[in-house]
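structure of the sequence below:
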Amino acid sequence: MMVSEADLSTFLRDWSGEPLLPVGEERFLGRGSWPELQPQRVALDESNATVDHATADLTVTVGASVLMSDLQKTLNRHGQWLPVALQPVGTVGGWIGSGRQSQMAGRFGSLRDYLIGIQGVTGRGRAFKAGGKVVKNVAGYDLMKLMTGSLGGFGLVTEATFRVLPLPETWGGFRYPMKKLSRTQLQEARALEPTVLCLSREANGCFLIGGFSGRPNGVRERLRLVSDVLGATEELPAATLRGLLDGWERRLLSGNQTLGWGGVLPSGVTNPTFLQSPGGPSLWDLLRGYAWWFDLPEPKTLSTWRERLKTYEGVLNLDVAAESSYEPWGWESPAETAVWNRLKDNLDPEGIWAWGRLPGTTSLSRETS
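Residues are numbered from 1 along each chain as shown. Okay, here's the model as predicted:
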């Protein structure tokens, strides 16, 4: 169902039906568990799709129903961007609620690192806001991080303010066979501060794929330095590198397969032996340790990888359909679960927003101890 932002608080206070789940384009609904009570999906109407771009301040304020692709186009016209993906799909609210990272998160961080202000409505029908529309504003509690990755369990985000960055002038990349890579070479390549540095494991082999962005002279110099470190590398023109990044992003959101996501500690991502171990098509960010698995068809494969990742305190979660028998979460923390439940009891005591999406929670009963 659709509801206007102006009527949202009244709508929630009067709601007496099944639990509600905030949605946008429904690109990210595979993330998280599904509660016993299937929720009614609710979205903000088009009156919420507004963009207020303060170009001189390098900030932008948007309604949660704005498409991320439209936001990126608006910023690009002014030589700026939100460095979470080149051509992101989904809505602003969807990105916040799902807490996604792209393959550039190792260098630039994730969406929550750029979120400086937020507004929304709790299950009580009360409007809330935190942060502000300027970069140095620290007003109120840090609800930005609380709402990021909450999967719609605490409330509906209606508006967000982000700091943005100048758009890079150019890009340049390289590809190198992982079987020839030593641990020292990998560490030296990471020290060059690439924009992206990933291991891509496909049927035709494992490759180190990296790239730089910025001013042309700087990009050329960094490509020369990485060639000195690795030896002969295959150079990837700007269009090829950007095409790879965009292709990975769209493959992660294809919606027609089980997707694994998670990561390991840096000691794992700098260990070529660990990275080259068998396991099917996958993508590893070698800067911060994020990881994505494109195909996990068999529970045995899933169990093997989850056990292997524990060696480096890593985790493998799944994005799956609501009817799937797979366990989506590869970890559960009793301490974090207790905090989530207390937050739920304060922000949404009537359980209007769908619960049970986060690990260790349920939709019908919550422990608050």
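
got the CA positions of stretch 87-100 in PDB?
Provided in PDB are the C-alpha atoms of stretch 87-100 (Å, rounded to 0.1, in the frame of the first residue of the first chain):
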ATOM      1  CA  GLN A  87      24.900   3.300 -11.000                       C
ATOM      2  CA  PRO A  88      23.100   2.200  -7.900                       C
ATOM      3  CA  VAL A  89      19.600   0.600  -8.100                       C
ATOM      4  CA  GLY A  90      16.900   0.800  -5.400                       C
ATOM      5  CA  THR A  91      15.700   3.600  -3.300                       C
ATOM      6  CA  VAL A  92      17.500   5.700  -0.700                       C
ATOM      7  CA  GLY A  93      15.400   4.100   2.000                       C
ATOM      8  CA  GLY A  94      16.200   0.700   0.700                       C
ATOM      9  CA  TRP A  95      19.900   1.300   0.900                       C
ATOM     10  CA  ILE A  96      19.600   2.600   4.500                       C
ATOM     11  CA  GLY A  97      17.300  -0.200   5.700                       C
ATOM     12  CA  SER A  98      19.400  -3.000   4.200                       C
ATOM     13  CA  GLY A  99      22.800  -1.600   5.200                       C
ATOM     14  CA  ARG A 100      24.400  -2.700   1.900                       C
END
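
wait, isn't residue 133 in contact with residue 60?
No - between residue 133 and residue 60 there is no contact under CB atoms under 8 Å: 9.2 Å. Quick note: C-beta positions are derived from backbone N, CA and C, even for glycine.

common neighbours of the two, please.
Residues touching both residue 133 and residue 60 (CB atoms under 8 Å, 6 or more residues apart in numbering) are 54, 161.

of those two, who's got more company?
Neighbour totals were compared for residue 133 and residue 60, and residue 60 leads with 25 against 16 (other CB atoms under 10 Å).

so residue 331 sits against residue 358, correct?
No - Residue 331 is beyond contact range of residue 358, at 11.3 Å (criterion: CB under 8 Å).

neighbour count for the two, which is higher?
Remark: of residue 331 and residue 358, residue 358 carries more neighbours, 20 against 16, as counted by other CB under 10 Å.

wasn't the more buried one part of a helix?
No - according to DSSP: H, G, I helix; E, B strand; the rest coil, residue 358 belongs to no helix; its state is coil.

before I go, just wanted to say thanks for your time.
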